[in-house]
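Trainee: Next one to model:
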Amino acid sequence: MTTHLVCLRFKAGGPAVAGEWADGATARRTWRDWFGLYGSDEKVVIRLAEDGDGSERVLMVWERGRAVERGSDGGHPSGS
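Mentor: Residues are numbered from 1 along each chain as shown. Predicted coordinates:
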């Protein structure tokens with residue numbers, strides 16, 4: 001079973017607010033809502049990931065005031 005995770009940090013490495021959903025659409029909506037509420041702060045990092053069978057794959061990250069789409073391996077921003 002795949003779990004979808006959203007994590008909000010007000011500064012890199014700081015304490016996190018996190019949520020976990022079975023439904024990917026709900027997790028994506030939460031990720032968009034959180035960057036709509038908190039994304040204007042350049043220090044905020046908001047991460048959307050999925051966890052299936054113990055391996056986490058980062059899908060999207062909001063950092064430095066913009067969305068960074070992750071590659072299919074989850075490790076590098078697209079285009080880099």
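
Trainee: use CA for all of it now, contacts and neighbours both
Mentor: Will do.

Trainee: and stretch 1-14, average pLDDT?
Mentor: For stretch 1-14, mean pLDDT rounds to 92.

Trainee: actually stretch 60-75, not the one I typed
Mentor: Mean pLDDT, stretch 60-75: 72.

Trainee: Centre-most residue in the protein?
Mentor: Nearest to the mean C-alpha position of the chain, counting by C-alpha atoms, centre = their mean, stands Arg47 at 1.6 Å.

Trainee: That one should be in a strand, yeah?
Mentor: Yes. Under DSSP: H, G, I helix; E, B strand; the rest coil, Arg47 falls within a strand.

Trainee: which phi and psi does the closest residue in space to it that isn't next to it in sequence have?
Mentor: Leaving out its chain neighbours, the residue that sits closest to Arg47 by C-alpha to C-alpha, 6 or more residues apart in numbering is Val61, at 4.4 Å. Phi and psi for Val61, reported as degrees, to the nearest 10, are phi -140, psi 140.

Trainee: Please tell me how far Val61 sits from Met1.
Mentor: As judged by C-alpha to C-alpha, to the nearest Å, Val61 and Met1 stand 23 Å apart.

Trainee: same thing with Lys43?
Mentor: Distance of Lys43 to Met1, computed by C-alpha to C-alpha: 33 Å.

Trainee: between those two, who's got more neighbours?
Mentor: Lys43 (15 against 7; other C-alpha atoms under 10 Å).

Trainee: quick one: what helix or strand has Glu20 in it?
Mentor: Using DSSP states H and E, Glu20 maps to strand 16-21.

Trainee: gap between that strand and the chain center?
Mentor: Counting by C-alpha atoms, centre = their mean, to the nearest Å, strand 16-21 is centred 10 Å from the centre of its parent chain.

Trainee: Who are the packing partners of that strand?
Mentor: Packed against strand 16-21, as judged by 3 or more C-alpha pairs under 8 Å, 6 or more residues apart in numbering; DSSP states H and E, are the following elements: strand 2-9, helix 24-38.

Trainee: can you redo these as JSON lines with mean neighbour count and distance to Arg66?
Mentor: Output for those, formatted as JSON lines (neighbours: other C-alpha atoms under 10 Å; distance: least, C-alpha to C-alpha, whole Å):
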{"stretch": "strand 2-9", "mean neighbour count": "21", "distance to Arg66": "14"}
{"stretch": "helix 24-38", "mean neighbour count": "16", "distance to Arg66": "9"}
